[in-house]
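J.: Turn this into a model:
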Amino acid sequence: MTIDERKAMSTGVIQNLILENRGKLSISGVLDVLSFDDQVVILETELGLLTVKGENIRINKLSIDTSEVIVEGDIASLSYSDKDSEKAKGSSFMSKIFK
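T.: Numbers count the residues shown, from 1 in each chain. The predicted model follows:
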């Protein structure tokens, strides 16, 4: 999907990511926490799947009522992906763990 196509899709959804000193990430518009450990957190958001990578990562606040999550730790990267492609990866990842 090109940038023009994404601009053409007016979702009306507002999502905020506030990263403070690469140590505290506040995220709004979170629908679900799909998986987490001390290096990776995968969140389902209004705008797709958000993957947060780093070290010593922990979920400090999770509010389903306000759709907000606060992640703390040494945050190295943030990346969005399509819901379908990441869920397929997650299922194969989980199947590898439970073999």
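
J.: Tell me where the model's unsure across this protein.
T.: Low-confidence segments of the chain (pLDDT under 70): 1-11, 83-99.

J.: mind listing the strands for it?
T.: Using DSSP state E, the strands assigned to the chain run over residues 17-20, 24-28, 30-36, 40-45, 48-63, 68-81.

J.: Pull up the pairing partners for the shortest one, direction included.
T.: Meaning strand 17-20. Partners of strand 17-20 in the sheet, by DSSP bridges, are strand 24-28 (antiparallel).

J.: Show me which positions of stretch 66-78 end up buried.
T.: Residues of stretch 66-78 classed as buried: S67, V69, V71, E72, G73, I75, L78 (neighbour count, 16 or more other C-beta atoms under 10 Å). Any C-beta I mention is one placed from the backbone N, CA and C, and that applies to glycine too.

J.: Alpha carbons of it, in PDB - could you do that?
T.: Presented in PDB, the C-alpha positions along stretch 66-78 are these (Å, rounded to 0.1, in the frame of the first residue of the first chain):
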ATOM      1  CA  THR A  66      -9.300   4.000  28.300                       C
ATOM      2  CA  SER A  67      -7.400   1.900  25.700                       C
ATOM      3  CA  GLU A  68      -4.100   3.000  27.100                       C
ATOM      4  CA  VAL A  69      -0.800   1.100  27.700                       C
ATOM      5  CA  ILE A  70       2.400   2.400  29.300                       C
ATOM      6  CA  VAL A  71       5.500   0.400  28.500                       C
ATOM      7  CA  GLU A  72       8.800   1.000  30.300                       C
ATOM      8  CA  GLY A  73      12.300  -0.200  29.800                       C
ATOM      9  CA  ASP A  74      15.200   0.300  27.300                       C
ATOM     10  CA  ILE A  75      13.200   0.800  24.100                       C
ATOM     11  CA  ALA A  76      15.100   0.200  20.900                       C
ATOM     12  CA  SER A  77      12.500   0.200  18.200                       C
ATOM     13  CA  LEU A  78       8.800   0.600  17.400                       C
END
